[in-house]
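S.K.: Compute the structure for the input listed below.
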Amino acid sequence: MNEVLQLPDFIGAELERIGKALFGETSYLLMGFHFEETEVGCYGDHEISEKVRVTFINGMLNTRAMMSESLNQISESHGGVKVHYVFRPTEGWMWDISRAILIRTAFTLGFRSSHAYLLAGMWRELIEEMGGVGGGGVIIHYAHSLGGAETDRARELLSPEEQQMIRVVTFGSSTLVRNVGFQNVINIVSVNDGVSSCLLEPLGHIRNYFDPESNVHFHGSYLNFPLWPTDHSFTGSTYRAILIDMGEKFLEEFCY
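M.R.: Numbers count the residues shown, from 1 in each chain. Alright, predicted model coming up:
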């Protein structure tokens, strides 16, 4: 018998409450003591059509409450559509950053995280819902922060035909996803996003600066030097405004 050793949910919740009371919510979040679990689910009221699906995977330092806020933001800006998601709970700042580095390093050795497999599996199920390869369906996929790296790693788990049914937009991604395989890829980066700008992808930024066909779109002002991820939040002013604009374009294209 294979049993998973774990604390009962009520004990984990109580320890979390005590930890926040002792250290403060922000410090507690950075410490990485959490009991939330990975989840694949759906948020919202309806699909905009039989041939269109919207998906999302979150990034680092996301609790379930933060994920709910992000899902609500995507759904509302896109006309109340369903958002199919993979929730990867935070393990705290240091663990999340370490995880980002591990994902990048392990991939060169042929390894992927469980979240990449979950994401690819979700895409495949949605493609079948829309009539399969050749059925004329399209997936609009959003990824934030570490979710961009998971998106990049999930791509090769799909066939070339399946990849071509997915349009990808990343926000503050820890990996600047190349415009390869997928139908289209755009990387949105705030110039004051310390995670995407200077911590994890310095070489990627240099590469894209000299690439006339770069798919990296920078937004914001350089007034703040990005030593800290001051504008990394998916629900922050920069990325929220861009998402709202993309929602308007989404409705223009797919509201028949």
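
S.K.: in this structure, what spans have low per-residue confidence?
M.R.: 1-35, 91-111, 194-213, 221-230, 256 (pLDDT under 70).

S.K.: just checking, residue 141 touches residue 167?
M.R.: Yes. The criterion here is Cβ atoms under 8 Å, and residue 141 meets it with residue 167 at 6.7 Å. Any C-beta I mention is one placed from the backbone N, CA and C, and that applies to glycine too.

S.K.: More neighbours: which of these two?
M.R.: Neighbour comparison, residue 141 and residue 167: the larger count goes to residue 141, with 26 against 15 (by other Cβ atoms under 10 Å).

S.K.: bridging residues for that one?
M.R.: residue 55, residue 168 (DSSP bridges).

S.K.: Tell me the spacing between it and residue 76.
M.R.: Using Cβ to Cβ, to the nearest Å, residue 141 is found at 18 Å from residue 76.

S.K.: and stretch 185-193, C-alpha only, in PDB?
M.R.: The C-alpha trace of stretch 185-193 is given here as PDB (Å, rounded to 0.1, in the frame of the first residue of the first chain):
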ATOM      1  CA  VAL A 185       3.900  33.600 -29.400                       C
ATOM      2  CA  ILE A 186       4.100  37.100 -27.900                       C
ATOM      3  CA  ASN A 187       6.100  37.900 -24.700                       C
ATOM      4  CA  ILE A 188       4.800  40.900 -22.800                       C
ATOM      5  CA  VAL A 189       7.400  42.400 -20.500                       C
ATOM      6  CA  SER A 190       7.200  45.500 -18.200                       C
ATOM      7  CA  VAL A 191      10.500  47.300 -18.200                       C
ATOM      8  CA  ASN A 192      10.100  47.400 -14.400                       C
ATOM      9  CA  ASP A 193       9.500  43.700 -14.000                       C
END
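
S.K.: Can you list the helices and strands that the helix or strand harbouring residue 188 packs against?
M.R.: Taking DSSP states H and E as the criterion, residue 188 maps to strand 184-190. Counting contacts by 3 or more Cβ pairs under 8 Å, 6 or more residues apart in numbering; DSSP states H and E, strand 184-190 packs against strand 166-171, strand 216-219, helix 237-254.

S.K.: For it, which strands pair with it and how are they oriented?
M.R.: strand 166-171 (parallel), strand 216-219 (parallel).
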